Each structure stands twice: as C-alpha cells, then as structure tokens.
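J.: Based on what follows, work out the 3D shape:
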Amino acid sequence: MTSNDLKYLCCSIEGRSVLYNIIDNSGVFRDTFDSDPITHAYNAGRRSIGVNLLDQIKAELHDEYIQMLREHNDGR
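T.: Sure, this is the predicted structure:
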C-alpha cells in the first residue's frame, strides 16, 4: 500500500475502522500455531500481511494508529 493510500484511509473514522478490521482479521493479535502444517503456513502467511500493514501504519502514521486503537476500544 502506498503512503498516500494509507493517509487517505486514516483520515476518516471509517477508514481507520477498515484498517483495524483487516489487521485484526489477519491474525496479528492471535497465535498462528496449528498442528496441521498446511493450516499453520496459511495462518502465518495471513498474519504476515497484517503485520506488514501494522508496521507501515506505526512508522508513517503513528498518531492515526493511536486514534485507531482508541476508536476500537471505545466500540466504534
């Protein structure tokens, strides 16, 4: 994702909500282990996408990241 795309998404509550849901659904905040190696590989790959997105947001838009967490914790 380009920096401009990310800035565009982070400038609204709806965009931040979408990004948070992508990160959350990718499994960033969960363990990826599964006894089945295929499922484990799938989970790890999925998580990797979310980790990369999260790292980019933290590096480029730290204030918006904090706002995104606040909004999520407030139930928005």
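J.: Isn't Ala44 up against Asp34?
T.: No: using Cβ atoms under 8 Å, Ala44 is not in contact with Asp34, being 9.3 Å away. Where you see a C-beta, it was placed from the backbone N, CA and C, and this is true even at glycine.
J.: so what's in contact with those two at the same time?
T.: Contact criterion Cβ atoms under 8 Å, 6 or more residues apart in numbering; residues shared by Ala44 and Asp34: none found.
J.: Could you identify the longest helix within this structure?
T.: helix 37-60 (DSSP state H).
J.: residues making contact with that helix?
T.: Here helix 37-60 has contacts from 1, 3, 6-7, 10, 19, 22-28, 30, 32-34, 64-65, 68, using Cβ under 8 Å, 6+ apart.
J.: let's see 7 Å
T.: 1, 3, 6, 19, 22-23, 26-28, 32-34, 65 (Cβ atoms under 7 Å, 6 or more residues apart in numbering).
J.: Identify the farthest-apart pair in those residues.
T.: The largest separation in the contacts of helix 37-60, counting by Cβ to Cβ, is between Ser3 and Asp34 at 34.2 Å.
J.: Give me the contact list for the helix or strand just after the longest helix of the chain.
T.: The C-terminal neighbour of helix 37-60 among helices and strands, as given by DSSP states H and E, is helix 62-73. With contact meaning Cβ under 7 Å, 6+ apart, helix 62-73 is reached by 10, 13, 16-17, 19-20, 57-58.
J.: which stretches of this protein have low pLDDT?
T.: Scanning the chain for pLDDT under 70 picks out 76.
J.: what's the burial count for Ile57?
T.: Ile57 has 21 neighbours, counted by other Cβ atoms under 10 Å.
J.: Check the one 4 residues further on too.
T.: Applying other Cβ under 10 Å, we find 20 other residues in the vicinity of Leu61.
J.: Let me see the contact set for it.
T.: By Cβ under 7 Å, 6+ apart, the neighbours of Leu61 are 6-7, 10.
J.: so which of the residues you listed is the most crowded?
T.: Cys10 (20 neighbours).
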